[in-house]
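**Q** Give me coordinates for this.
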Amino acid sequence: MPTENNNIPDFKKFFLSYKDKVYKYALLHVKEKDTAADLVQEAFSRIWNKWKELDETRNPQSYLYTVVKNLVFDELRKQKVRFQFNLAGIDATTLVDNSNEESIRFKDLERVYREAIQKLPKARLEIFLLSKEEFLDNQEIADRLGISVNTVRDQLVKGNKFVRQYILDNFEISIALLIFLTIF
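**A** Predicted structure coming up:
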C-alpha cells in the first residue's frame, strides 16, 4: 500500500501492474485508441492525486476500477449525446449544461447496478466481479477459479441478463440507462 516515504516507486509499480488492463477495458468500451489512452491517463492522474490517502480501507486497485468505470461511463454518455446531436443536426455547444441532474441520475443508476450485482449467487458474483471490475478475460477467470471457460461464459451471460433485467425493473429508462446497458 502507499506509504509517505515510498510514494513514487509504489505508484510506479502500481501503474505498471494495471495500465494495460485499464487500457484494455477502456478501449473495449470506447473503441478509440486515443480516447482510451486519455481515459487511462486521467484515471492514473486521479489516483496519483489521492495516492497518500489510499490505504488498507480504500485500496488503490478498487479505487482505480471505480475511477476508470466512471470515466468510461462519462465518455460513453458524451459520445451518445454527440451522436444524437449530430443525427438531429443540433449544435451541442448551444445547449444548457445539466450535468448536476445527470450526475444524480448516474449515481442512482450505479446504486441500482450495485443492488443488482449483490443479488447474484455467490459463485456468479465472483465471476461477474472478476470480469467487470478486475477486467479479467474468460480464460484468466477460468484459470484463477479452476473452472472451464464455458462455465465462465455461461455464468457471465446469466449474470449480465439478470443485471440488465434488474435495472430495467428498478430504474426509469433514460439515456443513461441505454448507455449503461450497452457495456453489458
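**Q** buried residues in stretch 59-66?
**A** Of the residues in stretch 59-66, 60, 63, 64, 65 count as buried by neighbour count, 16 or more other CB atoms under 10 Å. Where you see a C-beta, it was placed from the backbone N, CA and C, and this is true even at glycine.
**Q** Next one: the first one from residue 43, what distance?
**A** Per CB to CB, to the nearest Å, residue 60 is found 11 Å from residue 43.
**Q** Repeat that for residue 19.
**A** Separation of residue 19 from residue 43 (CB to CB) stands at 9 Å.
**Q** and what of residue 148?
**A** Applying CB to CB to residue 148 and residue 43 gives a distance of 33 Å.
**Q** any idea of the pLDDT on the residue nearest to residue 140 when sequence neighbours are not counted?
**A** If you skip the residues right next to it in sequence, residue 140 has residue 130 as its closest partner in space, 7.7 Å away by CB to CB, 6 or more residues apart in numbering. At residue 130, the pLDDT value in this model is 87.
**Q** quick one on the thing from earlier: compare residue 148 and residue 43 and say which one has the larger neighbour count.
**A** Just comparing residue 148 and residue 43: by other CB atoms under 10 Å the higher neighbour count belongs to residue 43, 26 against 11.
**Q** Report how many residues lie close to residue 136.
**A** Each residue near residue 136 was counted by other CB under 10 Å, and the total is 19.
**Q** residues in contact with the most centrally placed residue in the chain?
**A** Nearest to the mean C-alpha position of the chain, by CA atoms, centre = their mean, lies residue 69 at 2.2 Å. With contacts taken as CB atoms under 8 Å, 6 or more residues apart in numbering, residue 69 has the following neighbours: residue 133.
**Q** what helix or strand is it on?
**A** helix 60-88 (DSSP states H and E).
**Q** With residue 129 instead?
**A** Under DSSP H and E, the secondary-structure element containing residue 129 is helix 122-132.
**Q** In terms of secondary structure, what does that helix contact?
**A** Contact analysis of helix 122-132 by 3 or more CB pairs under 8 Å, 6 or more residues apart in numbering; DSSP states H and E lists helix 99-118, helix 138-145, helix 149-170 as its packing neighbours.
**Q** Output the contacting helices and strands for the longest one.
**A** This points to helix 149-170. When contacts are defined as 3+ CB pairs under 8 Å, 6+ apart, helix 149-170 packs onto helix 99-118, helix 122-132, helix 138-145, helix 175-182.
**Q** quick one: residue 60 and residue 47, what's the gap?
**A** Here residue 60 is placed at a distance of 6 Å from residue 47 (CB to CB).
**Q** Show me whatever sits in contact with both of the two.
**A** Shared contacts of residue 60 and residue 47 (CB under 8 Å, 6+ apart): 14, 54.
**Q** if I pick residue 149, what's in contact with it?
**A** Neighbouring residues of residue 149 by CB under 8 Å, 6+ apart: 138, 139, 142.
**Q** Name the nearest residue to it, ignoring sequence neighbours.
**A** Setting aside the residues directly before and after it, residue 149 is nearest to residue 142 in space (CB to CB, 6+ apart), at 4.6 Å.
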